[in-house]
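**Q** Kindly return the folded structure for what I paste below:
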Amino acid sequence: MAKGYWISFYRAVHDAEKLAAYAKLAGPAIHAAGGKFLARSTAAHAYESGLLMRTVVVEFPSVAQAAACHDGAAYQEALRVLGEGSVDRDFRIVEGVE
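**A** Numbering: from 1, shown residues only. Next up is the predicted model:
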């Protein structure tokens, strides 16, 4: 079974306090669901049409577990705390290569 990955690109942060409150809830929710942070920082280099923006990569045992974490109550509470308009981000779940 292929692993699942959350990949998030933060184009803009409009409310750093809400993002910090989100992170306090999201981290434990992700770990409890079997997620492991692989990268969590501003890009070191950007090529082609890339931007130097905050990027987060989380590995899960499967795509199903990644989606279940996102849709679960604990992570949804973190999203509620983040609220609308606090960040502009592109969030995806992708299947890993076996």
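**Q** Which residue ranges of this structure form strands?
**A** Counting by DSSP state E, one finds strands in the chain at the ranges 4-13, 36-42, 54-60, 87-95.
**Q** Give me the sheet partners of the last one and which way each runs.
**A** If you go by DSSP bridges, strand 87-95 pairs up with strand 4-13 (antiparallel).
**Q** Just the CA atoms from the strand it pairs with would do, formatted as CSV, please.
**A** What follows is strand 4-13 as a C-alpha-only set of coordinates in CSV (Å, rounded to 0.1, in the frame of the first residue of the first chain):
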residue,chain,number,x,y,z
GLY,A,4,-0.2,9.3,1.6
TYR,A,5,1.2,12.8,1.8
TRP,A,6,-0.3,16.1,2.8
ILE,A,7,1.4,18.9,1.0
SER,A,8,0.6,22.5,1.9
PHE,A,9,1.9,25.7,0.4
TYR,A,10,1.2,28.9,2.4
ARG,A,11,1.0,31.7,-0.1
ALA,A,12,0.3,34.3,2.6
VAL,A,13,-0.3,34.5,6.3
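**Q** Centre of the chain to that strand, how far?
**A** Its chain's average C-alpha position is 5 Å from that of strand 4-13, according to CA atoms, centre = their mean, to the nearest Å.
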